[in-house]
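Peer 1: When you get a sec, could you give me coordinates for this:
(chains A and B)
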Amino acid sequence: MSKPPDFHFFRLVARNLGNRPYRNIATIFAFAIIAATFFSSQYLMSGAQQSLDAGISRMGADILVVPEDYAGAGQTVILAGTPTSFFFEDSGFEKISRIPGVAKASPQIYIATLFASCCAAPVQMIAIDPKRDFTIAAWLKENPGLRLGKDDIIIGSAIIQNVGNDLLFYGHTFHVVGVLKQTGMGVDNAVFTRFEDAYVMAEESGQKAVKKLIIPEGKVSAVLVKVNPGTSPAAVASEIMAQVPGTKTILPNGLLNAVSGQLSAITRILYGASLAVTIVSVPLLGVISAMVAHERRKEVSILRALGATKAFVVRLLLVESFSLAIMGGCIGIGVSATILVLYQDFIMHLLKIPFIIPSLTTILVQGGSALLLSIVVGGVSALYPVIIFIRSEPYESIRGGES
Amino acid sequence: MINVDGLTKTFRMDNYEISAVDDVQLNVQPGEFILIFGRSGCGKSTLLGMLAGLIRPTKGVVRVHGVDIAHLSDDDVSGLRAKEIGFVFQFSGLLSTLTVLENVLLPTLFCTYSPSSGLRALELLEKVGVLDRADAYPHTLSSGEMKRVAIARALINGPALLIADEPTGDLDVDTEFEIMELFRQLNHEGTTIVMVTHNPDLIPYGTQSYSMERGKIVGKPKTSSCENLDLKSVSHLTTRDLT
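Peer 2: Below is the predicted model:
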């Protein structure tokens, strides 16, 4: 004699779902695609936004002043860390410091290194003046006991080296004393050193390096400006461009807009993809629902004849649909999250946006909203069979098709 | 138990109406085995559908235990079907996704499930003679076995009334006999049965039998007692005579 089974509502749901494997797999796939595209869009956008916030906060400046012809290159250094070298007269820096509204001004020299011992590709070296710097100084303040001394460097998080290692640039040995937190922007690929060490490195490069580095005397690549509290950075930026000919100013907002422009193009593509997938999937799910409504009319009628209420039938159909939506949603989110994390660098390179992995809370919220979307679509797709079954006279359906 | 008064069902087809059931009066008393005989399309099944509250009548009243079921909510009528009425369809009506045992237990989902339901299901399967097929799926059963399982399912909630719509319509003579014997046994044990059939050979099984033509009950009900009747030989003889 068989052991009396524990037969309950969810066993009926499980049996029904197991009965039509191919169609249910197709349905789960449709839900997975919807959830994956929606989740990916949100994940990429929030990661880029977070990266931008972190990068701008790291820069700590209200205005970046660069040579007029190198405005694009200046943005590239900050956003992508693409190695580049450019200069303008240091006298410009002196003028900038004296402009009303300027609280602090910090000059920087950008040097594109040769193939370095640390890295497969050249990195961006940024030389700072420790006396006037407020970018690295802020970070040093957060790490008491740390100082940027002679031949010391602080490296971005993307440069795979440890504190205490030595690195060789243009034949000059530098000592790693710190690693910056990840920002997802150009800073991650940069190496920070002092002006004097950069000049020594340039001087020695004739003998020690395969290519001589030239840092023109009295010239800098960029000036970071902090304005007085209550002063408009835009107004100060205009004044700088007016008083120091040949310069171009970049404001964090402008930087944000540059990235936002890039980001909004990608956002449009991602949301377009989400919309296209939903538009394609919903009719597909509708067709499947119509098939279900047709095929299961007799089955549902039998349930009604045996005593099932309309509410029971609605609950059964909705729970089945929600189960498929949840399964598909979880698979879609899981697979897309795995791909996004595993191939993050490749995807960011392809999309050309700064990026850091969003916080776990953000990811959970994004996953939850993608799952919710799947469930809502699941509920909508179950409406047609539900309406059909509620409206039909059960006994006619039972006898329909019977000879 | 069930009182039917002036029950009518009309269907609209294009520009004219068809009366599937026309002014039917019927009384079903506890312990009876009501057999309604009629040709295909005479309205028998529609009548059963209305008795069970599955089809809304155009006119007339169906009272179960004195209550007009037209005045009950869908939940109440469904509850009535789940607890008071067992259904056996012409086809087996078993769900292919469930095992035999699960099919029998299915109606318990619509009542309060109790742990004893599982044991009762096994007892019923034993009673109808298919206990050894408890874990099988419907597609592996013979027509007769399916019908037995359907009867066990109809009885799981201990209904006062068993409604059977042409339950032997698709069976061979021997299996038909076995199933009818099972119905007779259930009736002797106190189950009230209302069955419709197009097979006149089955008339002797009913304690009351009615003839139905074009939606109407015609003539007077026949009362019979089949206690001493060799029903198998009658059934065989009649069938042979017809062929």
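
Peer 1: Below-threshold pLDDT in chain B: ranges please.
Peer 2: Segments of chain B classed as low confidence (criterion: pLDDT under 70) are B:113, B:221, B:224-243.

Peer 1: Tell me where it has helices.
Peer 2: Remark: helices assigned in chain B by DSSP state H are B:44-51, B:74-84, B:100-105, B:116-128, B:143-155, B:173-188, B:231-242.

Peer 1: where do the helices sit along the stretch 1-150 of chain A?
Peer 2: With helices called from DSSP state H, counting those that start in this stretch, the stretch 1-150 of chain A shows them at A:9-19, A:21-59, A:71-79, A:90-98, A:135-142.

Peer 1: So which of those is nearest chain B?
Peer 2: Nearest to chain B, of all these, is helix A:9-19, at 4.2 Å by Cβ to the nearest Cβ. All C-beta spots, glycine's among them, are computed from the backbone N, C-alpha and C.

Peer 1: Let me see the mean pLDDT of the closest one.
Peer 2: Helix A:9-19 carries an average pLDDT of 88.

Peer 1: Name the surrounding residues that touch that helix.
Peer 2: Residues outside helix A:9-19 that contact it (Cβ atoms under 8 Å, 6 or more residues apart in numbering or on different chains) are A:5, A:24, A:315-316, A:319-320, A:323-324, B:95-98, B:102, B:106, B:109.

Peer 1: please redo it, this time with the cut-off set to 6 Å
Peer 2: A:24, A:319, A:320, B:97, B:98 (Cβ atoms under 6 Å, 6 or more residues apart in numbering or on different chains).

Peer 1: Now do that helix: distance to the chain's middle.
Peer 2: Remark: helix A:9-19 is offset 40 Å from the chain centroid, using Cα atoms, centre = their mean, to the nearest Å.

Peer 1: quick one, what contacts the residue nearest the centre of chain B?
Peer 2: The residue lying closest to the centre of chain B (Cα atoms, centre = their mean) is residue B:164, at 1.3 Å. Counting by Cβ under 6 Å, 6+ apart, residue B:164 touches B:88, B:195.

Peer 1: Likewise for residue A:307?
Peer 2: Contacts of residue A:307 (Cβ under 6 Å, 6+ apart): B:78, B:81, B:82, B:107, B:110.

Peer 1: Now do the strands in the stretch 101-250 of chain A.
Peer 2: Using DSSP state E, counting those that start in this stretch, the strands found in the stretch 101-250 of chain A span residues A:102-112, A:124-128, A:152-155, A:166-169, A:172-179, A:190-194, A:219-220, A:222-227, A:247-250.

Peer 1: sorry, back to before: any chance of the contacts of residue A:307 in CSV with neighbour count as columns?
Peer 2: Shown next, in CSV, are the contacts of residue A:307 (neighbours: other Cβ atoms under 10 Å in any protein chain shown):
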residue, neighbour count
B:78, 25
B:81, 28
B:82, 23
B:107, 26
B:110, 20
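
Peer 1: Among the helices of chain B, which comes closest to residue A:210?
Peer 2: helix B:100-105 (79.4 Å; Cβ to Cβ).

Peer 1: Determine how far that closest one lies from the middle of the whole chain.
Peer 2: The answer for helix B:100-105 is 18 Å, by Cα atoms, centre = their mean.

Peer 1: which outside residues touch that helix?
Peer 2: Identification of contacts with helix B:100-105 by Cβ under 6 Å, 6+ apart yields A:7, B:94, B:95, B:121, B:133, B:134, B:136, B:149, B:152, B:153, B:156.

Peer 1: out of the residues you listed, who's nearest residue A:366?
Peer 2: residue A:7 (38.6 Å).

Peer 1: Any idea how far apart the tips of stretch B:53-62 sit?
Peer 2: Using Cα to Cα, to the nearest Å, the end-to-end distance of stretch B:53-62 comes to 8 Å.

Peer 1: I misspoke; the intended subject was stretch B:101-116.
Peer 2: First residue to last in stretch B:101-116 (Cα to Cα) measures 14 Å.

Peer 1: Next: stretch A:228-247.
Peer 2: End to end - Cα to Cα - stretch A:228-247 spans 21 Å.

Peer 1: pLDDT on it, on average?
Peer 2: Stretch A:228-247 carries an average pLDDT of 87.

Peer 1: For it, could you pull out the residues that count as buried?
Peer 2: Neighbour counts over stretch A:228-247 (16 or more other Cβ atoms under 10 Å in any protein chain shown) mark A:233, A:236, A:237, A:239, A:240, A:244, A:247 as buried.

Peer 1: and the residue of the stretch 151-300 of chain A nearest chain B?
Peer 2: Nearest residue of the stretch 151-300 of chain A to chain B: residue A:299, at 6.3 Å (Cβ to the nearest Cβ).

Peer 1: Make sure that residue is indeed in a helix.
Peer 2: Yes: using DSSP: H, G, I helix; E, B strand; the rest coil, the assignment for residue A:299 is a helix.

Peer 1: burial measure for it, as a count.
Peer 2: Neighbourhood size, residue A:299 [other Cβ atoms under 10 Å in any protein chain shown]: 20.

Peer 1: residue contacts, it?
Peer 2: If a contact means Cβ under 6 Å, 6+ apart, then residue A:299 has no contacts.

Peer 1: same deal with the one 3 residues further on?
Peer 2: For residue A:302, the contacting residues are residue B:93, by Cβ under 6 Å, 6+ apart.

Peer 1: now residue B:107
Peer 2: Neighbouring residues of residue B:107 by Cβ under 6 Å, 6+ apart: A:306, A:307, B:156, B:157.

Peer 1: I appreciate the help and will end here.
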